[in-house]
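Peer 1: Just a sequence and a predicted model for now, questions to come.
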Amino acid sequence: NNKYQLSSLPLQILFYVNGIYYIFYFLVTLAMIVYKSQVFSYPDDFLARDLALLFIMAILEALRLYLGSKGNLTEEEAPLGLSLALTVGSVVLSVYFLVWQTYVLKADVILNSVLLCAYGLESVLKVMAIAAFVS
């Protein structure tokens with residue numbers, strides 16, 4: 001049995017920080033969607049789509065962070081790999097809110113750019129952790 005600790009502390013810290021940032025991201029994005037629906041002519045089906053995607057992203061994010069954290073702490077590559085796969089979905093949704101949502105404000109650009117940078121850093125650390133667990 002391996003007596004060395006293989007789980008990644010920087011990755012675990014990043015999961016924690018991403019969890020807090022995502023709560024902030026979710027609340028601000030939700031508030032901005034509500035704001036946009038009041039200020040701009042926001043077709044109902046577009047409003048419903050943007051809200052639905054935000055809630056889907058929140059569920060995906062919770063699952064992604066849970067699996068990543070669990071995989072890192074138990075030093076198992078499967079949950080960490082699944083978390084890495086879910087990150088692809090989160091990235092696509094973040095790009096949606098960055099580029100394709102009905103109205104994109106400067107705040108959307110900043111929020112999603114930070115989120116995408118965090119996903120990138122997290123993905124690199126996940127790959128490194130998986131490599132350490134497998135070896």
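Peer 2: Ah, there it is.
Peer 1: list the contacts for S123?
Peer 2: L84, T87 (Cβ atoms under 8 Å, 6 or more residues apart in numbering). For every residue, glycine as well, the C-beta is placed using N, CA and C.
Peer 1: list the contacts for V91?
Peer 2: Contacts of V91 (Cβ under 8 Å, 6+ apart): L116, Y119.
Peer 1: err, L121, not the other one
Peer 2: By Cβ under 8 Å, 6+ apart, the residues touching L121 are L14.
Peer 1: helix/strand/coil for it?
Peer 2: helix (DSSP: H, G, I helix; E, B strand; the rest coil).
Peer 1: in the protein, which spans are strands?
Peer 2: Assigned strands in the chain: none (criterion: DSSP state E).
Peer 1: which intervals of the protein have sub-threshold pLDDT?
Peer 2: 1-3 (pLDDT under 70).
Peer 1: What segments of it are helices?
Peer 2: 9-39, 44-74, 77-95, 106-134 (DSSP state H).
Peer 1: CA-only coordinates of the shortest one, as PDB, when you get a sec.
Peer 2: What it means is helix 77-95. Output of helix 77-95 as PDB, limited to C-alpha atoms (Å, rounded to 0.1, in the frame of the first residue of the first chain):
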ATOM      1  CA  GLU A  77      -9.300   8.500 -10.300                       C
ATOM      2  CA  ALA A  78     -12.800   7.600 -11.300                       C
ATOM      3  CA  PRO A  79     -14.700  10.300  -9.500                       C
ATOM      4  CA  LEU A  80     -12.000  12.800 -10.400                       C
ATOM      5  CA  GLY A  81     -12.200  11.800 -14.000                       C
ATOM      6  CA  LEU A  82     -16.000  12.100 -13.900                       C
ATOM      7  CA  SER A  83     -15.600  15.600 -12.400                       C
ATOM      8  CA  LEU A  84     -13.200  16.400 -15.200                       C
ATOM      9  CA  ALA A  85     -15.800  15.300 -17.800                       C
ATOM     10  CA  LEU A  86     -18.500  17.400 -16.100                       C
ATOM     11  CA  THR A  87     -16.200  20.400 -16.300                       C
ATOM     12  CA  VAL A  88     -16.600  20.200 -20.100                       C
ATOM     13  CA  GLY A  89     -20.400  20.800 -19.600                       C
ATOM     14  CA  SER A  90     -19.700  23.600 -17.200                       C
ATOM     15  CA  VAL A  91     -17.300  25.200 -19.600                       C
ATOM     16  CA  VAL A  92     -19.900  25.000 -22.400                       C
ATOM     17  CA  LEU A  93     -22.500  26.600 -20.200                       C
ATOM     18  CA  SER A  94     -20.100  29.300 -19.000                       C
ATOM     19  CA  VAL A  95     -19.300  30.100 -22.700                       C
END
